[in-house]
Structure formats: C-alpha cells, structure tokens
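Visitor: Sequence first, then the predicted structure:
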2 protein chains.
Amino acid sequence: MLTKKGKYGLKALVHLAELNPGESSIVTDIATRNNIPKKFLDAILLELRNNGILKSKKGAGGGYSLAKPASEIRIGEAIRALDGPLAPILCASRTAYQPCDDCNDPEGCQVRLSMTKVRDAISDILDNMTLEQFTRAERVTSGVPSITLLG
Amino acid sequence: MLTKKGKYGLKALVHLAELNPGESSIVTDIATRNNIPKKFLDAILLELRNNGILKSKKGAGGGYSLAKPASEIRIGEAIRALDGPLAPILCASRTAYQPCDDCNDPEGCQVRLSMTKVRDAISDILDNMTLEQFTRAERVTSGVPSITLLG
DNA sequence: ACATTACTCTACAAAATATATAGAATTAAT
DNA sequence: ATTAATTCTATATATTTTGTAGAGTAATGT
C-alpha cells in the first residue's frame, strides 16, 4: 500500500524534479504547493535525504534538491525508502525477506508464491520507472493490460 | 498490502479447496491446521460467506465449504472481500475509486497514473488466478520477470 | 558579531487500522 | 434435550499512520 507518507514523498520529488538544474526548494514551499503538512514533510524529506535520494543545505538560502539526476532516481527506490518493501507481504520480499511466524512451510506456501509474482510485477514497473519519466508522464490513459477482468 | 486477515482467508480457502467435492470443514479444524486464531477466523469466513465465496451450515455436522467450484473463484475476488481494493491507493482503484482530498488535479497526477499501472498489473495476476490454480501451484521458483533490477 | 533562515533531532500525541477475544444467540443434528 | 457449530454484538489490545511541538544546529547575509 502507498501511504500518505509515500504519496507526499513522491509529490515532493516531482516538485524538485521540475526545478531548473541546480535549483533547490525550501520545505515550506513544497508543503504549501502540494497541500502537505509542513512538519510531516520535514520528516519525509529527511528520510529521502538519508537514503541518498535528496540532498539538503541548512540555513538561509538552503533547502532541498535532488541528490542525483531525475533519470537516475527510481520510483521503486523512493517508495521503499518511505513505505518499506514493495512486496504485499514480507515472505514475498526479495529485499527484506522474512518468513511468516505462523507458516510451517514457506517453501510450498501458495500465498507466498502468488505474492512473489505480484511483487515481481510491481517491481518491474516501479524499479524501471525513473523520476524523470514519472515527472514527464503525459495525461493519457495508461496502456490497457492484456486481459483485465474486473476493471 | 496483504494483511493477516487476507493471508488467513487465503489459507482457509486452500484448505477448503483441497477437500473432496461436497465435503465441508469446521472452523476449529481449519484454524488449528493453519495456526489461525479461531475467533478471528470465524469473522473471516463469515465475510467470505457474505461475499458469496463460501457457504456455511450451522449446527452439528455443519461447517464451511466453497460456494462454487475452485475454478470459478478468483484470488483477487477473495482478497478484495477481505482486504479491500487491490490498488495501492484509492485514486488508482477501478472498483473503489476515490480522489485524494489533498490532490488538486487527479487527472494529471503522476502518482495516480503510475499507481494505476501497478493496480492493473496486480489485477492481471490476481483476477486471472483461480483458487484451483492457486491450490495446485507447484513448488517451483516463479518465472523470472523480464527486467528485474533490485531483486 | 548577530539576527535570520531553514534544516535536524527528539519526543510526544492523536487517529486510524489491524488483530484479536468474550459471550450470548441462533440453527441443526442426534 | 443436549450437543455442535455458525452468527451476532460488543469490546479490547496492539500496531501503524499521521501528525505536532519545541529545542538544537548550521549557514547566510548584514
């Protein structure tokens, strides 16, 4: 699940990616422009900074900016930093695997196997999507998936 | 995210799918066999029943059984009944769409567009997977996705 | 130097959600 | 009738999410 923290973080990243190269932005501006509680955003941006996604400068004239080009920041990377593993359940995670304590047979567990497929599908999308692509995304209905049943 | 409720429910469905046709099982048995708190499972199975996935019979000789063949029960259907929409965020749901209250432009929101892709990918997997397939799944490493980066 | 700015850190608090538990009510079989 | 089993209502506990408050730190400009 994408929490508000994750959502706010992504919006802040878009905000920063849309600045001119070299420019930075202060938290207050990002917060007001995106309807995000300032103090909450403080913590979020700090976390992104501690994960090497943003860099910050203190004091007057300071602010936050991307730590690397938007083309080198993966959306999956940002979401992991804020919301944790992409997998729907930890036993299906490749970056943070942990067996369920109630499961007597993780190897043959169908829940785990199916959720591993889901995790891989999510990762295929989010780890291959850069912040640059994300920011430039056009307002077009995303490609219709091959076989969708329930809409 | 798959909660314990969702996980327990899926395990119970597997349990019931593995019975001989026409057979049913009582909650206590499903609970002890799968390390699930009995009272919690009561509520879960009831919810699956109210969603037309299970049927129940009260009293001695009673119990739960599938309401339809395992080949006609979709995993996505079960997860929705227990954990809600598959989409990582409601504004990306097709079955339970709701705009974010803090979002001034849902149409052009990149978070929403990307999460819609994720939702579609999840749905492609879970709405096309039947309980029958799920139950018969072999203990084989799931197919390697085309381009996986972070493992 | 000094005031101002803005990030950083620690602690806490409120709200929402997830995870149960208890016990009585209902229905069916023997 | 008694027992078995689901169903209903209510409640309790734990965890996570979503914030808020306020002091601390570093940089800047004057």
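Guide: Perfect, I can see it now.
Visitor: what is the rounded mean pLDDT of the helix of greatest length in chain A?
Guide: In chain A, taking DSSP state H as the definition, the longest helix is helix A:110-126. Averaged across helix A:110-126, pLDDT comes to 98.
Visitor: And residue A:64, which helix or strand is it part of?
Guide: Assigned by DSSP states H and E, residue A:64 falls within strand A:63-66.
Visitor: touching DNA strand C at all, that strand?
Guide: Yes. Under the criterion of C-beta under 7 Å from any atom of the strand, DNA strand C is reached by strand A:63-66 at A:63-64. Placement of C-beta: from N, CA and C, glycine included.
Visitor: Off-centre distance for that strand?
Guide: Here the centre of mass of C-alpha atoms in strand A:63-66, compared against the chain's by C-alpha atoms, centre = their mean, to the nearest Å, lies 17 Å away.
Visitor: and that strand, what other elements does it pack with?
Guide: Judged by 3 or more C-beta pairs under 8 Å, 6 or more residues apart in numbering or on different chains; DSSP states H and E, strand A:63-66 is in contact with helix A:4-17, helix A:27-34, strand A:54-57.
Visitor: quick one, the longest helix of chain A and helix B:4-17 angle?
Guide: Put simply, helix A:110-126 runs at 130 degrees to helix B:4-17, going by axes from the mean of the first three to the mean of the last three C-alpha atoms, to 10 degrees.
Visitor: and the gap between the residue located most distally from the centre of chain A and chain B?
Guide: Residue farthest from the centre of chain A, counting by C-alpha atoms, centre = their mean, is residue A:104 at 32.5 Å. Distance, residue A:104 to chain B, by C-beta to the nearest C-beta, to the nearest Å: 7 Å.
Visitor: so what's the residue nearest to the spatial centre of chain A up against?
Guide: For chain A, the residue sitting closest to the mean C-alpha position, by C-alpha atoms, centre = their mean, is residue A:79 at 2.2 Å. When contacts are counted by C-beta atoms under 8 Å, 6 or more residues apart in numbering or on different chains, residue A:79 is found next to A:2, A:6, A:9-10, A:86, A:126.
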